[in-house]
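Q: Can you look at this prediction? I've put the sequence above it.
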Amino acid sequence: MDKLYIIKIGGNIIDDEQKLAAFLEDFSNIDGRKILVHGGGKLATRMADTLGIQQQMIDGRRITDAETLRIVTMVYAGYINKNIVAKLQSFNCNAMGLCGADGDAILAHKRKHPVVDYGFVGDVDAINTDLADMLLSRNIALVFAPITHDQQGQLLNTNADTIAQELAKGLSALYEVNLIYSFEKSGVLLDADDDSTVIPSINPDYYQQLKAQKKIFAGMLPKLDNAFTALNSGVSRVIIGKAEQLHQLIRGSAGTTIVNE
C-alpha cells in the first residue's frame with residue numbers, strides 16, 4: 001500500500017510569506033503522494049474589516065453569514081489556494097487547488113445545532129475518494145481550501161482540521177495515510193508556554209491521564225480528539241508539530257506522534 005501524506009497548515013504559516021515559501025519548498029520535496037489542507041489565516045478577517053462586515057465568533061468559531069461566506073470563499077478558495085498552488089509549481093511540484101465543490105470532492109451539510117446558528121458552516125458527509133485517487137495516482141499534489149458544498153448549490157465554510165481528518169479517514173482504505181497537523185507549537189506540550197516540553201508520543205491511556213490531570217491546554221483537546229478519531233478509522237499515524245520541522249515530523253524525530261496502542 002502506497003504512503004499518503006495529508007498535511008494541514010495553520011494560519012501562522014499562511015500569514016507569513018517567508019514561512020509559507022519555506023514550508024511549501026519542504027512540502028514539494030516530500031516523495032510520493034501528498035495532500036495539503038489550508039485554512040485562511042487573518043486575511044479573511046482583514047478583508048471583512050475593510051468592507052465593514054462585522055465578524056461574529058462563538059467559542060473561537062466563526063459565524064458564517066451570507067456576506068462572510070462570500071469573503072471566505074474568495075479568500076480561501078481563491079487567493080490563498082491559488083497562491084499556494086503557484087508557489088508549489090515554482091518548486092517543480094505539480095499541484096491542483098480544490099475546494100469541496102470541485103469534482104464533487106467534499107460533500108457536506110449545513111451544521112445543525114440546538115442553540116447556535118452557525119450560518120453557512122458545513123459538516124462533512126462524504127469524500128470523493130475516486131477523484132482524489134485518480135489525481136494522486138498521476139503524481140498531482142492536491143491543495144484543499146476549507147470550502148465544501150451540499151450538492152444543492154450551496155457553498156459551506158468548513159473547519160480545515162476536520163477536512164484533513166475526513167480526507168485521511170476516507171483515503172485510508174487506499175493508502176497508508178500519515179496525517180500531520182502542523183501549527184505554531186513544537187507538538188503537544190506539558191507546559192503550553194515552554195516549547196521544550198514536547199510529549200513525544202501519546203496513546204489513549206496517557207491521553208486520559210493528561211486530561212484528568214489538566215496538563216493539556218484546552219485548545220489542543222479538539223486536535224487530539226480528532227487524531228484518535230482518525231486512528232480509529234484506519235489512519236496509520238497522526239503527528240502534531242511545527243510546520244518549520246516538516247521533514248523531522250515525517251521521520252518521527254520531532255513533534256508528538258499519536259498512537260493507538
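A: Everything's here; your move.

Q: only C-alpha atoms for contact and neighbour calcs from this point on.
A: OK.

Q: what about the strands in the stretch 151-261 of the chain?
A: Applying DSSP state E, counting those that start in this stretch to the stretch 151-261 of the chain gives strands spanning 155-157, 176-183, 201-202, 237-242, 256-258.

Q: what's the third one in contact with?
A: With contact meaning Cα atoms under 8 Å, 6 or more residues apart in numbering, strand 201-202 is reached by 256-259.

Q: and the residues you listed as a markdown table, adding pLDDT, neighbour count and distance to Asp31?
A: As requested, these are exported to a markdown table (pLDDT from 0 to 100; neighbours: other Cα atoms under 10 Å; distance: Cα to Cα, whole Å):
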| residue | pLDDT | neighbour count | distance to Asp31 |
| --- | --- | --- | --- |
| Thr256 | 95 | 24 | 22 |
| Thr257 | 95 | 22 | 20 |
| Ile258 | 94 | 24 | 22 |
| Val259 | 89 | 17 | 23 |
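
Q: quick one on the thing from earlier: tell me the most buried of the strands of the stretch 151-261 of the chain?
A: Across the strands of the stretch 151-261 of the chain, the average number of neighbours (mean count of other Cα atoms under 10 Å) peaks for strand 155-157, which reaches a mean of 28.

Q: what's the burial count for Ala160?
A: Close neighbours of Ala160, defined as other Cα atoms under 10 Å, add up to 20.

Q: coming back round to it: same list, the strands of the stretch 151-261 of the chain, but as a markdown table with distance to Ala44 please.
A: Shown next, in a markdown table, are the strands of the stretch 151-261 of the chain (distance: least, Cα to Cα, whole Å):
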| stretch | distance to Ala44 |
| --- | --- |
| strand 155-157 | 12 |
| strand 176-183 | 19 |
| strand 201-202 | 34 |
| strand 237-242 | 23 |
| strand 256-258 | 30 |
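
Q: so which of those comes closest to Leu24?
A: Smallest distance to Leu24 across those (Cα to Cα): 12.6 Å, for strand 176-183.

Q: that older thread, of the contacts of strand 201-202, which pair is most distant in space?
A: The farthest-apart pair in the contacts of strand 201-202, when distances are taken by Cα to Cα, is Thr256 and Val259, at 9.5 Å.

Q: sorry, back to before: determine which of the strands of the stretch 151-261 of the chain approaches Leu98 most closely.
A: Nearest to Leu98, of the strands of the stretch 151-261 of the chain and by Cα to Cα, is strand 155-157 at 13.2 Å.

Q: which strands and helices sit next to the closest one?
A: Using 3 or more Cα pairs under 8 Å, 6 or more residues apart in numbering; DSSP states H and E as the contact test, the elements touching strand 155-157 are helix 66-72, strand 106-110, strand 147-149.

Q: can you tell which of those is closest to Ser137?
A: strand 106-110 (18.7 Å).

Q: and that closest one, which residues are buried?
A: Residues of strand 106-110 classed as buried by neighbour count (16 or more other Cα atoms under 10 Å): 106-110.

Q: which of the residues you listed lies closest to Leu136?
A: Of those, the one sitting nearest to Leu136 (Cα to Cα) turns out to be Ile106, at 15.8 Å.

Q: Need the nearest residue in space to that closest one, chain neighbours excluded.
A: Sequence neighbours aside, Gly100 is the residue nearest to Ile106 in space, at 4.1 Å (criterion: Cα to Cα, 6 or more residues apart in numbering).

Q: ok, now which ones touch that neighbour?
A: So Gly100 contacts 106-107, 144-149 (Cα under 8 Å, 6+ apart).

Q: which of these tops the neighbour count?
A: Busiest of those [other Cα under 10 Å] is Thr148, holding 32 neighbours.
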